[in-house]
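Visitor: model the structure of this input:
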Amino acid sequence: MIFGRIKSVDAILATAERKSLHRTLGAFQLTLFGIGCVIGTGIFVLTAAGAQKAGPGLMLAFAIAGAICIVAALCYAEIASMMPVAGSAYTYTYSVMGELLAWTVGWALILEYAVAASAVAVGWSGYFTGTILNQFLGIHLPAALSSAPLALGGAPGGIINLPAVLISLLITWLLMIGTTESARVNAVLVLIKVTALTAFIVLTLPSGEFSTANFNPFLPAGLFGGFGSGVGAVGAAATIFFAYVGFDAVSTAAEETKNPQRNVPIGLIGSLLFCTIFYILVAAGAVGTIGGQPIMGPGGIPFPAGSEELARQCAMAEYSQMLVCSNEALAHVLREIGFGTVGNLLGIAAFVALPSVILILLFGQTRIFFVMSRDGLLPDGLSKIHPKWKTPYVVTALTGGAVAFAAAFLPVGKLADIANAGTLYAFMMVAIAVMMLRRTEAARVRSFKTPMLWLVGPATILGCIFLFFNLPFEAMIVLPVWGAIGLVIYYLYGYRNSHMGRGIEEVNEATLGDLEPKVPGTE
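Guide: Here you go, the predicted model:
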């Protein structure tokens, strides 16, 4: 029975204990790591896409997405502290629901991390072309080299987003040769991002340009735009959920965390609460100063974010300076209210800090690929380690190429929606796994137990399903299509070559511990 291929919790923990990784991270470092993962393109760029979907209701959208992430984090906290090993939701599912469902989760995580990295690359490109090239160097990169094609939601005259391609390939190369951030560098980048957002809040909320009139109407597209529409406050929440998803990378760092049973929950929940408050304040400052009303299409419904129709509207002079049309939303807001210098500094902060988010996402994706290959579900060649660099260079190169291709031809909003589809599925499966473990492993000691799991678990499951069906239809359909492709690969290769299927339950976890680089930002 394929559902009987379950990797036992005891085997997972036993192999984890034999690893050579040093547990050096405390709760504060892990929280910084979480904030570093979470604060990225989501808030620096998706503010514009969220406003196009919800208008001023963007603030409510951040609260909705944050609430669902917090209950998901509580589930992650219990299971990550029980099994502080590589593989994230893939490994957790393997230990409870068996190989087939673990495969579907791992396959969804591959989609999540790779597409999310592409989205961040596109977001970085916006700040690079707008702040570094335009504002400082006076260079105006033509749309043909800085935007996706118009038909795909880019810009008139767009052909390829060359800066996004180049940053994707650069980060891929750095990961292949083993370069990573140190904990000190990560802390500095977190400080830069938090300082930039704090400056934004301080300059916008008390500004003379701030007006409560800009919040009226608060919900121009309504609270709920309808399943598959991707509009309204809930539709915006489904998109800007992307702004939070980095927190699950914290569970990967559990391998190097002191007292993970205590510190992993603190790192997960602490970083989420911090970021949620920040996001709501940033949204209030942006909308309150220059407004955040969407550009309406026929029937009083907002043009879809990342669509050809919206791109045509944003190319018109009357709309070009609106929040919803900006590729560097926060820097644009500050320039519009007379703080051009600070806006440019914020653009520099995004330019400097966002590549670290790409690195973390690419790292997470390659490690998921590596773990699945090591389990025999994917060809061994994918987990081949470079003799000099000590990195899984084959899978890193393949991933980087795919990330660069997606970043070249798709706008950030579409990429975020696609990434969210895979993320929401993985989060739902983690919640199910936690609830099942309470029954199947009831006697196991838990240093952290999810409070009111009878409520938090179902809330996570229903919240993830609800947000998934509020994504645009084209983003929703990507997950089942991607999943179908994955199942074909599983039955053609993984099912027959699985180590579990061949009776090899214990896999040498030390091979993962010996890889370079370690978890970015943790050394």
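Visitor: my guess is residue 368 contacts residue 106. True?
Guide: Yes: with contact defined as CB atoms under 8 Å, residue 368 reaches residue 106; the gap is 5.8 Å. C-beta: built from backbone N, CA, C; applies to glycine.
Visitor: and residue 5, what does it touch?
Guide: Residues in contact with residue 5, defined by CB atoms under 8 Å, 6 or more residues apart in numbering, are 98-100, 498, 500-501.
Visitor: any idea how far residue 366 is from the closest residue to it other than its chain neighbours?
Guide: Leaving out its chain neighbours, the residue that sits closest to residue 5 by CB to CB, 6 or more residues apart in numbering is residue 99, at 3.7 Å. Applying CB to CB, to the nearest Å, the value for residue 99 to residue 366 is 21 Å.
Visitor: of the two, who's got more company?
Guide: Set side by side, residue 99 and residue 366 show more neighbours around residue 366, with 29 against 25, by other CB atoms under 10 Å.
Visitor: give me the element the more buried one is part of.
Guide: According to DSSP states H and E, residue 366 maps onto helix 340-374.
Visitor: quick one: average confidence on the following helix or strand past that helix?
Guide: Note on helix 340-374: by DSSP H and E, the next helix or strand toward the C-terminus is helix 393-409. Computed over helix 393-409, the mean pLDDT rounds to 92.
Visitor: export helix 393-409 as PDB, just CAs?
Guide: Taking C-alpha atoms only, helix 393-409 is exported to PDB below (Å, rounded to 0.1, in the frame of the first residue of the first chain):
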ATOM      1  CA  TYR A 393      25.200  22.100  -7.900                       C
ATOM      2  CA  VAL A 394      23.100  20.100 -10.400                       C
ATOM      3  CA  VAL A 395      19.700  20.900  -8.800                       C
ATOM      4  CA  THR A 396      20.800  24.400  -7.900                       C
ATOM      5  CA  ALA A 397      21.700  25.100 -11.500                       C
ATOM      6  CA  LEU A 398      18.400  23.700 -12.800                       C
ATOM      7  CA  THR A 399      16.400  25.600 -10.200                       C
ATOM      8  CA  GLY A 400      18.200  28.900 -10.900                       C
ATOM      9  CA  GLY A 401      17.500  28.500 -14.700                       C
ATOM     10  CA  ALA A 402      13.800  27.900 -14.100                       C
ATOM     11  CA  VAL A 403      13.700  30.900 -11.700                       C
ATOM     12  CA  ALA A 404      15.400  33.200 -14.200                       C
ATOM     13  CA  PHE A 405      13.100  32.100 -17.000                       C
ATOM     14  CA  ALA A 406       9.900  32.800 -14.900                       C
ATOM     15  CA  ALA A 407      11.300  36.200 -13.700                       C
ATOM     16  CA  ALA A 408      12.000  37.100 -17.300                       C
ATOM     17  CA  PHE A 409       8.500  36.900 -18.600                       C
END
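Visitor: just checking, what packs against the next helix or strand along the chain from that helix?
Guide: Next in sequence after helix 393-409, counting helices and strands by DSSP H and E, comes helix 412-440. Helix 412-440 sits against helix 41-44, helix 46-54, helix 58-82, helix 88-96, helix 99-127, helix 232-240, helix 453-468, helix 473-489, with contacts defined as 3 or more CB pairs under 8 Å, 6 or more residues apart in numbering; DSSP states H and E.
Visitor: can you say which of these is nearest to residue 381?
Guide: Closest approach to residue 381 among the helices and strands packed on helix 412-440 (CB to CB): helix 473-489, 14.3 Å.
Visitor: where does the residue nearest to residue 337 when sequence neighbours are not counted land in three-state SS?
Guide: The shortest distance from residue 337 to any non-neighbouring residue, by CB to CB, 6+ apart, is to residue 209 (4.4 Å). Put simply, residue 209 is coil when judged by DSSP: H, G, I helix; E, B strand; the rest coil.
Visitor: residues near residue 209, how many?
Guide: 16.
Visitor: check the gap between it and residue 172 for me.
Guide: 41 Å.
Visitor: just to revisit the earlier point, pretty sure the residue nearest to residue 337 contacts residue 289?
Guide: Yes: if you go by CB under 8 Å, residue 209 and residue 289 touch, sitting 4.6 Å apart.
Visitor: shared neighbours of the two, which are they?
Guide: By CB under 8 Å, 6+ apart, residue 209 and residue 289 have these common neighbours: residue 337.
Visitor: any regions of the stretch 351-500 of the chain where pLDDT drops low?
Guide: Across the stretch 351-500 of the chain, the ranges flagged by pLDDT under 70 are 447.
Visitor: 50 instead, please
Guide: Low-confidence segments of the stretch 351-500 of the chain (pLDDT under 50): none present.
Visitor: list the residues that contact residue 464.
Guide: 68, 72, 424-425, 427-428, 431.
Visitor: repeat that for 7 Å
Guide: 68, 424, 427-428 (CB atoms under 7 Å, 6 or more residues apart in numbering).
Visitor: do the same with residue 460
Guide: 71-72, 75, 427-428, 431.
Visitor: could you work out the most separated pair of these?
Guide: 71 and 428, at 11.3 Å, using CB to CB across the contacts of residue 460.
Visitor: rewinding a little: name the member of the contacts of residue 464 with the most neighbours.
Guide: residue 427 leads the contacts of residue 464 on contacts (other CB under 10 Å) with 29 neighbours.
Visitor: from residue 10, how far out is it?
Guide: 25 Å.
Visitor: identify the residue nearest residue 231 in space, chain neighbours excluded?
Guide: residue 225 (3.6 Å).
Visitor: SS state for the one you found?
Guide: Once three-state DSSP is applied, residue 225 turns out coil.
Visitor: and what of the one 4 residues further on?
Guide: Each residue gets one of three states, and residue 229 gets coil by three-state DSSP.
Visitor: what about residue 452, how many residues nearby?
Guide: Around residue 452 there are 11 residues (other CB under 10 Å).
Visitor: residues making contact with the helix or strand containing residue 189?
Guide: Taking DSSP H and E as the criterion, residue 189 maps to helix 183-204. Applying CB under 7 Å, 6+ apart, the contact partners of helix 183-204 are 29, 32-33, 35-36, 39, 43, 210, 278, 281-282, 285-286, 288-289, 330, 333-334, 339, 342, 346, 349, 352-353, 356, 521-523.
Visitor: helix 340-374 and that helix, what's the angle between them?
Guide: 140 degrees (axes from the mean of the first three to the mean of the last three CA atoms, to 10 degrees).
Visitor: mind checking how far helix 183-204 is from the chain centre?
Guide: The chain centre lies 19 Å from the centre of helix 183-204; the measure is CA atoms, centre = their mean, to the nearest Å.
Visitor: convert that helix to PDB, retaining C-alpha atoms only.
Guide: Coordinates of the C-alpha atoms in helix 183-204 are reproduced here as PDB (Å, rounded to 0.1, in the frame of the first residue of the first chain):
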ATOM      1  CA  ALA A 183      24.400  35.600  10.800                       C
ATOM      2  CA  ARG A 184      26.000  39.000  11.200                       C
ATOM      3  CA  VAL A 185      25.300  40.000   7.600                       C
ATOM      4  CA  ASN A 186      21.700  38.700   8.000                       C
ATOM      5  CA  ALA A 187      21.200  40.800  11.100                       C
ATOM      6  CA  VAL A 188      22.500  43.900   9.300                       C
ATOM      7  CA  LEU A 189      20.100  43.300   6.300                       C
ATOM      8  CA  VAL A 190      17.200  42.800   8.700                       C
ATOM      9  CA  LEU A 191      18.100  46.100  10.400                       C
ATOM     10  CA  ILE A 192      18.300  47.800   7.000                       C
ATOM     11  CA  LYS A 193      14.800  46.600   6.000                       C
ATOM     12  CA  VAL A 194      13.200  47.300   9.400                       C
ATOM     13  CA  THR A 195      14.800  50.800   9.400                       C
ATOM     14  CA  ALA A 196      13.600  51.500   5.900                       C
ATOM     15  CA  LEU A 197      10.000  50.500   6.800                       C
ATOM     16  CA  THR A 198      10.100  52.400  10.100                       C
ATOM     17  CA  ALA A 199      11.200  55.600   8.300                       C
ATOM     18  CA  PHE A 200       8.400  55.100   5.800                       C
ATOM     19  CA  ILE A 201       5.800  54.800   8.700                       C
ATOM     20  CA  VAL A 202       7.300  57.800  10.500                       C
ATOM     21  CA  LEU A 203       7.200  60.000   7.400                       C
ATOM     22  CA  THR A 204       3.800  59.000   6.100                       C
END
